[in-house]
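> coordinates only, no sequence provided:
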């Protein structure tokens with residue numbers, strides 16, 4: 001993250017670590033056998049990265065946040081995201097295309113980073129969104145040729161991108177602010 005808000009940066013690193021854990025976990029639904037250990041390592045690294053930055057958030061809770069005065073907009077964004085993800089998943093399921101649910105939810109999550117640029121005053125989230133969306137679109141031909149669940153490739157893409165973003169943000173954090181402890 002490229003923000004001046006220390007609390008927001010620490011929270012985002014922690015949250016992306018937890019979300020990397022979750023995406024790598026979802027990827028365990030139907031992975032290539034040789035990917036299992038890599039997905040497990042990705043999950044573990046995500047959670048291990050989250051711990052010190054949760055501590056930084058707790059210790060710096062009184063620090064300013066870019067969300068000040070924007071919490072209602074953040075709530076609206078999250079509500080819209082949940083409705084879009086859920087409605088799309090329901091439509092896919094009813095059409096017999098449930099294997100596409102992971103890909104659809106990944107698209108919704110990636111797209112939500114675009115308005116987060118404004119909410120968190122951090123243009124680096126636009127880069128993350130564009131890279132994720134481009135990756136997900138690039139996967140479509142591969143996914144159409146397969147009958148396997150889309151979680152097999154969409155979830156590792158999301159997990160890896162969030163983990164790499166969190167790791168890069170952690171380096172920036174430590175260089176700017178020192179240890180999260």
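Sure thing, it's come through. All figures in this text were calculated on a predicted structure; none of them were measured in a lab. Numbering: from 1, shown residues only.

> quick check: phi and psi on residue 68?
phi -50, psi 120 (degrees, to the nearest 10).

> should've said residue 13
phi -60, psi -50.

> that one against residue 1, yeah?
Yes: counting by Cβ atoms under 8 Å, residue 13 touches residue 1, with 7.3 Å between them. (Each C-beta comes from the backbone N, C-alpha and C, glycine too.)

> what's the overlap in contacts for those two?
Between them, residue 13 and residue 1 share these contacting residues under Cβ atoms under 8 Å, 6 or more residues apart in numbering: 169, 173.

> does residue 180 lie in a helix or a strand, and which?
Using DSSP states H and E, residue 180 sits in no helix or strand.

> measure it to residue 60 for me?
9 Å (Cβ to Cβ, to the nearest Å).

> quick one: pLDDT of the spatially closest residue to residue 104 that is not a sequence neighbour?
Excluding the flanking residues, the one nearest residue 104 by Cβ to Cβ, 6 or more residues apart in numbering is residue 88, at 4.5 Å. As predicted, residue 88 sits at a pLDDT of 98.

> which helices and strands sit right next to the helix or strand where residue 88 lies?
Take DSSP H and E as the rule and residue 88 turns out to sit in helix 71-94. When contacts are defined as 3 or more Cβ pairs under 8 Å, 6 or more residues apart in numbering; DSSP states H and E, helix 71-94 packs onto helix 101-120.

> what's the angle between the helix it packs on and helix 71-94?
Interaxial angle, helix 101-120 versus helix 71-94 (axes from the mean of the first three to the mean of the last three Cα atoms, to 10 degrees): 170 degrees.

> same question for helix 101-120, mean pLDDT?
Here helix 101-120 scores 97 as its mean pLDDT.
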